[in-house]
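Student: I need the structure of the sequence given here:
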Amino acid sequence: MSDRDSSSDEQVSAVNDWNTKNIEEFRANHGALGGSFEGAPVLLLHTKGAKSGQERINPMMYLNEDGSIYVFASKAGADTNPDWFHNLVVTPEVNIEIGDETIEATAVPVLGAERDRIYAVQAERFPGFGDYQAKTTRVIPVVQLVRA
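Tutor: Have a look, this model is predicted:
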């Protein structure tokens, strides 16, 4: 195994550990997280792996705007989209956990001016999202999670 492979494996392991810790905390505290997420709206997004077909769960911040739920494929401003985004493009039927409620939904990418408007609202409320967009040349996808 090359150093690059080892480093990549370590990064995946660290992300998985971080996700597991946050998922456990989320469920133990009825959807609330501490640390850097304290007070922020967080949900758990359940997707199906595009290749494996296995369930994947990712904690992430969301925006509830006029009763609509939006998530942001920011990946902290990385130059590639997160895996969960690819998964929901392939299989848009998802489940989300908000607080103690589990909701069936369909993931619908938001495009153009509406995408820009929604992203701007999120960046105004949570300036880190503006920083993420500034760090990358890609347009960070916005996805609406429409209740089934």
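
Student: show me the contacts for the most centrally placed residue in the chain.
Tutor: When C-alpha atoms, centre = their mean is applied to the chain, the residue found nearest the centroid is residue 60 (4.2 Å). Taking C-beta atoms under 8 Å, 6 or more residues apart in numbering, we find residue 60 in contact with 42, 43, 45, 71, 72, 84. The way it works is simple: take the backbone N, C-alpha and C, and place the C-beta from them, glycine included.

Student: repeat that with 7 Å
Tutor: 42, 43, 45, 71 (C-beta atoms under 7 Å, 6 or more residues apart in numbering).

Student: do residue 19 as well
Tutor: For residue 19, the contact set (C-beta under 7 Å, 6+ apart) comprises 58, 59.

Student: Need phi/psi at it.
Tutor: Residue 19 has phi and psi values of phi -60, psi -50 when expressed as degrees, to the nearest 10.

Student: and what of residue 141?
Tutor: Dihedral angles (degrees, to the nearest 10) for residue 141: phi -70, psi 140.

Student: ok, it to residue 59 distance?
Tutor: Going from residue 141 to residue 59 by C-beta to C-beta, to the nearest Å gives 18 Å.

Student: So which of the contacts of residue 60 is the closest to residue 94?
Tutor: residue 45 (6.2 Å; C-beta to C-beta).

Student: Please look at that closest one and residue 56 and confirm they touch.
Tutor: No. Look at residue 45 against residue 56 with C-beta atoms under 7 Å: they stay out of range, at 8.3 Å.

Student: Fine by me, we can end here.
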